[in-house]
Structures are given as C-alpha cells and as structure tokens.
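# here is a sequence with its predicted model. Questions after.
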Amino acid sequence: MADTILESLAASNIFDLRGVVAVVTGGGTGIGMMISSTLVANGATVYIVGPEQADLDKVCATYNAAAENTPTRGRMHGLQGDIRLKTEATRLAAEIGAREEKGITVLFNNAGILRGRYARPPPSAKAADYVAACFDAVSEDDFTDTLTTNAVGPYWLTFAFLPLLERWKTAGTPAASKFVPQIVMTSSMNGWTKDPATGGFSYPYLFSKSALGHATASLAHELLPLGIRVNGIAPGLFATRMTTSTSDPHGVSVLPASYLAKFEVPTDSGVGSTRDMGALALFLVANWFVNGETVLIDGGTLLKHPSSY
C-alpha cells in the first residue's frame, strides 16, 4: 500500500503529461515559450499560436528535434493566428479540433502586448505636464490594440475552445482521467499594482491586465456547471522580448542592476526564470482543486509596491 501511494505521489508521475493536449497563445516567445517548452519536456502535445507561421515553424523544429530521441517528451506544433479576432478564435478551435478528436486539456490564454508607455513627470510637475505625458503621448490605438489583444482576445478564445475542453472530459484516455480541463490566463502583477513603475509605465497595459484578472474569477464562476476550471498566472518581471526587447525568443537570464532599478524590483528577487514559470504551469495543469485563482509569481515585488492583490 505505502509503495503504491509513494509511486502515485512521485513528481515523475504527477507531472507526466503524456497524452495531454495544450494550446498556448504567444507560445513561441517569452513566457509562452517558457510554458510550452516545459509542457513538451514533460510529454504534452502543445499547439503554439502566434502571428508569423515561419517563426512558429522554426521554434517547433528546434524543440521537436531535441525531443525526438526521448520517449517521454512531447511535440510542438505551430499555428498562425490573430488572437484578437472572434473569427480567428473560431478558426483556430476548428483546426485544432479536427486534429485532436479527444479534445484539449488546457488552453493557455497567454499572448499579450505592451503599448502606450509614458515618461513619468517629476514631483514638481503641473497638470499640463501630466497631460503631455499621459494623454498626448498615448494614442487611441495604444489602448485599442492592447485591450483587444490582452483582454478581449482571451474572451473569444475561451468560448471558442469550450467544446474541445468539454470533449476532453469524455475522452476515455488515461490522461483524461488524470488531468481535468482548464483555461489559464496570463495576467500580470500589474493588474493589481498601484505603481505604474512595475508595468513599464503603460496604462493601457495595466488596465488590460486588471480586466483579465477580473475575467479569470468571473469566468471560473460562469463555467462551474461545465466542470471546466479557469485560473490565472500573474507574473512579475521576467526577461522576455516584451520587457527587454531582446531578439532571443527565450528571453535572457540575467539583467543589469540598472535595469532592475528602473522597474524598482527588489534586488534580492531578480527576475523570473523558465524553471519558475514552468513549475507553476505544471502545478496548475496537474492540480484539480484550484479554481478561480490567479497565482502571483513576482519574486516579492508587490511586497514592496502598493497593490490591491
């Protein structure tokens, strides 16, 4: 009996994702890449969605070649799509549904952008200085594109993929009995912070992540009758293309102290790593009992900055 219990609780069993099917929007770069590569490392079939098919194909070829000789590894497939559009959500769900007759296990609504940065006025600034920085320097498109990508797109995708998540419940496979269907939203610590310094000084970004954080809990409540969970991830500073403008799709692992100071990140927390984000993704996929929650993974940043989290 004890041997059986210990075997069932081994990490190699709990996080064995063979048979799992995941969709990760923005899965070819940044935090999405951290999530999708971790899922593949543990056996999942992962569909990554992004704006350029050639870029997705390159990422998939690299990881599939690395996984080829290890039976416990999964595979990665790229699908071009504009996640802002309702019609694209429908098309992506139909295409993946045609490939995966058993449905999908988890949808990671991860894709996001950051637009509309402003330069914070000094303490001696007048109202006109704030108008110049926060009004004149921010365009209507900055708000429209950011809100649509970060908050509206996940709404369309959530409902477009619901039938595939529901189908998973009756798939009748070992993986379907082990992992329950779920939607995971990538919000941000900046959905709760009161200090725009932590969010690159972008109110469109802060507003969009606040909306997504609320949507996570609301949709979790709405979907209770279906038995489909909705949870969230609220990252702090991870060194990705969005935060550092690096050309590396995996981001970078080390940032200079001057950069951390700009974002006012506690010096003892540094930046998040692929292991940090991957471990959280594995936890959410494997867990049955967390629902309607957004997990803060920020190295303690919001312990320093005022927030409503």
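Happy to help now that I have it. Residues are numbered from 1 along each chain as shown.
# state the distance from L206 to G200.
Applying Cβ to Cβ, to the nearest Å, the value for L206 to G200 is 9 Å. Bear in mind the C-beta positions are built from the backbone N, C-alpha and C, glycine included.
# same question for R275.
R275 is 24 Å from G200, by Cβ to Cβ.
# which of the two has more neighbours?
Set R275 next to G200 and count neighbours by other Cβ atoms under 10 Å: G200 wins out with 19 against 10.
# strands of the stretch 151-300 of the chain, start to end?
Here the stretch 151-300 of the chain has its strands, by DSSP state E, counting those that start in this stretch, at 182-186, 229-235, 294-297.
# quick one: work out the angle between the first one and strand 229-235.
So the one you mean is strand 182-186. Angle, strand 182-186 to strand 229-235, by axes from the mean of the first three to the mean of the last three Cα atoms, to 10 degrees: 20 degrees.
# which strands and helices sit next to strand 182-186?
Under the contact criterion of 3 or more Cβ pairs under 8 Å, 6 or more residues apart in numbering; DSSP states H and E, strand 182-186 touches strand 106-109, helix 203-222, strand 229-235, helix 274-286.
# between helix 203-222 and that strand, find me the angle.
Using the same axes, to 10 degrees: strand 182-186 against helix 203-222 is 160 degrees.
# let me see the confidence value for V46.
Among the per-residue scores, V46 holds a pLDDT of 98.
# revised request: answer the last question for M1.
The model's pLDDT for M1 equals 85.
# residue contacts, it?
By Cβ atoms under 8 Å, 6 or more residues apart in numbering, the contact list for M1 is empty.
# state the distance from it to L92.
46 Å.
# now swap in I48 and tell me
Taken as Cβ to Cβ, the span from I48 to L92 is 11 Å.
# tell me where the model's unsure across the stretch 151-300 of the chain.
Along the stretch 151-300 of the chain, the model assigns pLDDT under 70 to residues 241-270.
# repeat the analysis, applying 90 as the threshold.
195-200, 237-273, 299-300 (pLDDT under 90).
# and the residue lying closest to T240 once chain neighbours are set aside, backbone torsions?
Ranked by Cβ to Cβ, 6 or more residues apart in numbering and with sequence neighbours excluded, the top spatial neighbour of T240 is G30, at 3.3 Å. Phi and psi for G30, reported as degrees, to the nearest 10, are phi 60, psi -140.
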